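Visitor: Got a sequence here, can you build the structure:
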Amino acid sequence: MFLRERISDGSRYFRDRSQLKGRAKNVILPNDETELREGIRYSNKGNTKVTISGSRMGSAGGSVPTGGDVMSMENLSGVLGVGRDEKGIFLRVLPNTTVRQFNNYLSRMDFEYLDSRDEFPIEGGSFPVDVPPEHSVGGTVSTNRSGIRPYVRRIKVVFSDSTFMTLSRGEYIAEGRRMSFPAGRNFFCFDIPSYDSKEDVGPRISENMDLMDLFIGSEGIFCIITEADIYLSDRPESVETVECGKLLNGRIGEIHGQRSVEELKKVKEILDAAYILNVGNLL
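Guide: The predicted structure follows:
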């Protein structure tokens, strides 16, 4: 059973690194994905808006609630294991795993291999992009901070009806401007917005796009990221990135026009039919 507590005045859940101050009634504190899904199912049933909160290291207000409840990911941290494919070595982590924890894991001598039959040496790898060590991996992926997108191999997500799915790079590709994919008992099908992303604000949108790119950079308005596979790099890449968040959520409309905002809202209405996810960062 998930824990849901009343939030007191002055709570840390009302702030991130922006100057915004939020408001919410309760905080949900899942200890694992099962409890997270129970919590989101409870919120959906009561039509209670939910703002996702992790390390709260963002400066654009994305984790600052504007009502409803907070879904805190603070207990969902840790490395699940290490794996390797034709592209390279990767770590599978829970969303609130910090960059420091990620790199510290790589300094240990014994690793948990995702496939016990496949053990291999790991030398010199690190988190692939230049991000402050206290930032979470889930937050970095959800905002595409420092251009982490190409280093994300696989993610696991939970939708607002508690349905979950895992998807890997290249697994679900749009046919032109039409995206279709199964997720548990659901089958989603919708039109991709008609614009092509020209700046790194929000999800990457394009013809024949990869489904993963809709979720990376969307900061929890479509689903909640509960696991991520991140490739290692020999040298962290430094990329200047515009951070997503409430203070910048008008940028998509400014860059691509109001039609782009309305088209993204239609996608949200399909993936988040109750319109409860991340009330602090609605388009």
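Visitor: C-alpha from now on. contacts and neighbour counts both.
Guide: Fine.
Visitor: where does the stretch 1-150 of the chain dip in pLDDT?
Guide: Across the stretch 1-150 of the chain, nothing is flagged by pLDDT under 70.
Visitor: Do a quick rundown of the strands in it.
Guide: Listed from the start of the chain, the stretch 1-150 of the chain has strands (DSSP state E, counting those that start in this stretch) covering 4-6, 26-28, 50-53, 69-72, 79-84, 89-93.
Visitor: Dump those strands to a markdown table, plus mean neighbour count and distance to Leu247.
Guide: Compiled in a markdown table, the strands of the stretch 1-150 of the chain are given as follows (neighbours: other CA atoms under 10 Å; distance: least, CA to CA, whole Å):
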| stretch | mean neighbour count | distance to Leu247 |
| --- | --- | --- |
| strand 4-6 | 13 | 26 |
| strand 26-28 | 22 | 23 |
| strand 50-53 | 28 | 15 |
| strand 69-72 | 28 | 18 |
| strand 79-84 | 19 | 32 |
| strand 89-93 | 23 | 28 |
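Visitor: could those strands be laid out in CSV, adding distance to Tyr42?
Guide: Compiled in CSV, those are given as follows (distance: least, CA to CA, whole Å):
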stretch, distance to Tyr42
strand 4-6, 10
strand 26-28, 10
strand 50-53, 11
strand 69-72, 11
strand 79-84, 27
strand 89-93, 26
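Visitor: what's the closest of those strands to Arg15?
Guide: strand 50-53 (9.8 Å; CA to CA).
Visitor: From the contact counts, what lies against that closest one?
Guide: In terms of contacts (3 or more CA pairs under 8 Å, 6 or more residues apart in numbering; DSSP states H and E), strand 50-53 is packed against strand 69-72.
Visitor: Adjacent strands (with direction) for the strand it packs on?
Guide: The pairing partners recorded for strand 69-72 under DSSP bridges are strand 26-28 (parallel), strand 50-53 (parallel).
Visitor: Just put the ones you listed in TSV and tack on distance to Ser168.
Guide: Rendered in TSV, the data for those read as follows (distance: least, CA to CA, whole Å):
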stretch	distance to Ser168
strand 26-28	28
strand 50-53	23
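Visitor: which ones are touching the spatially most distant residue from the centre of the chain?
Guide: For the chain, the residue at maximal distance from the C-alpha centroid (CA atoms, centre = their mean) is Arg117, at 30.3 Å. Contact partners of Arg117, counting by CA atoms under 8 Å, 6 or more residues apart in numbering, are absent.
Visitor: hang on, the earlier thing: go through the strands paired with strand 69-72 and name the closest to Arg17.
Guide: Shortest separation from Arg17 across the strands paired with strand 69-72 is recorded for strand 50-53, at 12.5 Å, computed as CA to CA.
Visitor: Just the CA atoms of that closest one, as PDB, please.
Guide: Listed next in PDB are the C-alpha coordinates belonging to strand 50-53 (Å, rounded to 0.1, in the frame of the first residue of the first chain):
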ATOM      1  CA  VAL A  50      -0.400  15.000  -9.800                       C
ATOM      2  CA  THR A  51       3.000  16.800 -10.200                       C
ATOM      3  CA  ILE A  52       6.000  14.600 -10.400                       C
ATOM      4  CA  SER A  53       8.800  15.500  -8.000                       C
END
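Visitor: tell me how far that strand is from the chain's mean position?
Guide: Its chain's C-alpha centre lies 11 Å from the corresponding centre of strand 50-53 when counted by CA atoms, centre = their mean, to the nearest Å.
Visitor: Could you do stretch 139-146 as well?
Guide: Stretch 139-146 has its average C-alpha position 7 Å from the chain's average C-alpha position, going by CA atoms, centre = their mean.
Visitor: Show residues contacting that stretch.
Guide: Everything outside stretch 139-146 that qualifies as a contact, by CA under 8 Å, 6+ apart, is 54-55, 95-96, 129-131, 148-149, 152, 202, 215-220, 225, 237-244.
Visitor: now stretch 88-96
Guide: Applying CA under 8 Å, 6+ apart, the set of residues contacting stretch 88-96 from outside is 54-55, 73-84, 136-139, 153, 225-232.
Visitor: ok, now stretch 154-170?
Guide: 37-38, 40-41, 44, 152-153, 183-186, 210, 212, 222-230, 271-274, 276-277.
Visitor: buried ones in that stretch?
Guide: By 16 or more other CA atoms under 10 Å, the buried positions in stretch 154-170 come out as 154-164, 166-169.
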